[in-house]
Each structure stands twice: as C-alpha cells, then as structure tokens.
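Enquirer: A predicted structure for the sequence below; I have some questions about it.
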Amino acid sequence: MVCNTWLFKAGFGVCLSSLLLFSSKAAAQMSISPLVIEAKADRGQAQGMITITNTGNTLSRVRVYAEPFTYSRDTGFQTLPVNSPNNLTPYLQFSPRELTIQPGESRRVRLIGRLAPSLAEGEYRAVVFNETLNESKDSAGNNVTLATRIGVTFYIRKGNLSGKLAVNNATFNPQQKQIQILVRNSGKATVRPSINWSLQREGTVVKTGTVDATAVVAESDRHLLLNFPGTENLAPAQYQLTGELVWGEDKNKSKLPFDVNVLIPATTTDSPKK
C-alpha cells in the first residue's frame, strides 16, 4: 500500500507526504482492502476486486487510476514511465473510475487484466491509486483541497513463475542509523518476505526482532531496515546477524535461514563502549 497526500491551494499543488502507511487524518477517513493483489493469468486474463470504505463523516469523491511501479534498492516505492517493460496498465481495465461514497458506505472496483497473447512470460505490475478529494477552508477563509491517494499493488503473472531470495549482506546505514539487510530476488516473481532476526556479539544475544512483509521485486534487490531504536548505542564492533526470511501462504510457506556479519563503525562522536 502507498499513501500520498497533496494540498491544493490557490491553484498550486504541494506534496505533503509520500509514505508506506497512513499519514494524515484524511487518509484515515478512507479504508481500502486488499492492499496487495497477486494473480496468475488464465488464458491471458486475471482479475481482482478492491473494496473502498468511507470511514469519515462527510461524502467522499474518489478517482481511480493506475501507474506502473517498482521498489528500488534504497528509496523504496516509485512510479515508472509508461514504457517500462513490466507495465500492466495497457492491459488493465477497471470500473468504475470515479465514485461518490457516503459516510459509512463501501463501494467496489473490479480490476481486469487482459494480457496480449504476444506478451512474453513474466510478471506485470501496476499500482491502482484511489484518490480522495476533500475540500475545506483554511484560517484565512481560502478554499483548500486536500487530495489523498492510497495505492493498491496489482501483480499478474504469465507463466509458472516464482521468486528466488538470497541475503547478500548486512551493513550499517549511517543516515538512518539502522542495520539494513540486502535481499536479492533473482527469480521472475515478486516476493514479500518477513524477517525474524537476532543480533549477537561474541555469542551473546544483543537484540531480537521482526520485520513485516516487504516487497522485493523480481530480478532486483532491496535494503530492508531492521528498524529498532537504540542502534546508535551499539558499541563499535563486528556483530553476527542470524535469522530467516519467511514468505508464502500459510500452507505453503518458504523459509530461508541467513547468517551474516555486520560491522558497527566507530564515529568521531563515539565514546568508548564496553
């Protein structure tokens, strides 16, 4: 899921946020499920359904549109130009494209992908944005339109495709002040692994934790942050990071153990720690 919030005032648009979670009161007034749809094409066709619920107190106007996307190694979600090789949008139909939803009401949008017979086997992707426009007035009495969009990622796979994951390494990200794991997907299908991990130093467990399921696009790699507080207080030293990647359905889960070293570097502001 991708949530973006835009503010339109006096004819100008300003991006307020671009996050992978609900980031504003306006976003919280619209609920969408599911947030990820994965389907295998049968005779070139696959479909899905989105349910949009207005959880706010006022009528919502929703516009639905789609764009190609990927997840990059460091910046995460990003939209792509229309000539991207895995672009699903030319083969995607959905209805309705515009909705008016009363408070407490739910509406459905049907997605249908019809892949051309000439398309090569592979995974085709689109993010289906559901954009809500909310109008109000600011403290000066000016009309303000807040546009919030929540994206549902839609994957259609043509052929018998699967992902193939590996943990390449673990490093310390000095900007985020977090340990990050570089996960490589050399397969033909996107995988959404979760992570169970344990950080040790000289045989003593320092910290354990989990990472929620995160998409690693086919034939790409991505840094996944362990994201636990207090990393900057770790003593500069070499640590051992162990754990497992877990993905797939409950009855057919795949697991990949990993065991890598990670160096927490010393900085000029560090004081000796033991």
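Expert: Okay, I see it.
Enquirer: Pull the contacting residues for residue 117.
Expert: Each residue near residue 117 by CB atoms under 8 Å, 6 or more residues apart in numbering is listed here: residue 44. Every C-beta, even on glycine, is put in place using the N, C-alpha and C of the backbone.
Enquirer: what do you get if the cut-off is 10 Å, keeping everything else the same?
Expert: Residues near residue 117 by CB atoms under 10 Å, 6 or more residues apart in numbering: 43-44, 158.
Enquirer: any idea how far residue 156 is from residue 210?
Expert: Relative to residue 210, residue 156 is positioned 29 Å away (CB to CB, to the nearest Å).
Enquirer: Which of these two has more residues huddled nearby?
Expert: Set residue 156 next to residue 210 and count neighbours by other CB atoms under 10 Å: residue 156 wins out with 27 against 12.
Enquirer: Make sure the more buried one is actually in contact with residue 87.
Expert: No - in this structure, residue 156 is not within contact of residue 87 by CB atoms under 10 Å, at 11.3 Å.
Enquirer: Which residues are in contact with each of the two?
Expert: Contacts common to residue 156 and residue 87, judged by CB under 10 Å, 6+ apart, are 124-126.
Enquirer: top of those residues by neighbour count?
Expert: Among those, residue 126 has the most neighbours (other CB under 10 Å), with 29 neighbours.
Enquirer: Verify the contact between that residue and residue 64 for me.
Expert: No - contact status for residue 126 versus residue 64: not in contact, 11.6 Å apart, counting by CB under 10 Å.
Enquirer: Residues in contact with both of the two, list them for me.
Expert: With CB under 10 Å, 6+ apart as the test, residue 126 and residue 64 both reach 94, 111, 152.
Enquirer: which residues pair with the second one across the strands?
Expert: This points to residue 111. Beta-bridge partners for residue 111, by DSSP bridges, are residue 48, residue 94.
Enquirer: count of neighbours near the nearest residue to residue 227 once chain neighbours are set aside?
Expert: When the adjacent residues along the chain are set aside, residue 227 lies closest to residue 178, with 5.6 Å between them (CB to CB, 6 or more residues apart in numbering). Residues lying near residue 178 (other CB under 10 Å) number 16.
Enquirer: Need phi/psi at residue 178.
Expert: Backbone torsions for residue 178, taken as degrees, to the nearest 10, come to phi -140, psi 160.
Enquirer: separation between it and residue 169?
Expert: For residue 178, the distance to residue 169 equals 15 Å [CB to CB].
Enquirer: for residue 139, same thing?
Expert: Residue 139 sits at a distance of 51 Å from residue 169 (criterion: CB to CB).
Enquirer: Please say which of the two ends up with more neighbours.
Expert: Between residue 139 and residue 169, counted using other CB under 10 Å, residue 169 has the larger neighbour count: 15 against 5.
Enquirer: Just list the residues touching that one, thanks.
Expert: Residue 169 touches 180-184, 223, 241, 258, 260-262, counting by CB under 10 Å, 6+ apart.
Enquirer: and stretch 214-230, how far out from the chain's middle?
Expert: Here stretch 214-230 is found 10 Å from its chain centre; the criterion is CA atoms, centre = their mean, to the nearest Å.
Enquirer: and if you look at stretch 121-136?
Expert: Relative to its chain's centre, stretch 121-136 lies at 12 Å (CA atoms, centre = their mean).
Enquirer: buried ones in it?
Expert: 122-134 (16 or more other CB atoms under 10 Å).
Enquirer: In strands only, show me these.
Expert: Among the buried residues of stretch 121-136, DSSP state E puts 122-134 in strands.
Enquirer: Just give me the closest of those residues to residue 34.
Expert: For these, the minimum distance to residue 34 (CB to CB) is 11.1 Å, reached by residue 128.
Enquirer: What's the per-residue pLDDT of that closest one here?
Expert: As predicted, residue 128 sits at a pLDDT of 97.
Enquirer: gap between residue 105 and residue 30?
Expert: Taking CB to CB as the measure, residue 105 falls 11 Å from residue 30.
Enquirer: so what sits against both of the two?
Expert: 52-55, 60.
Enquirer: For PyMOL, write the select line for the buried members of those.
Expert: To isolate the buried ones among the shared contacts of residue 105 and residue 30 in PyMOL, judged by 16+ other CB under 10 Å, type:
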select buried, resi 52+53+54+60
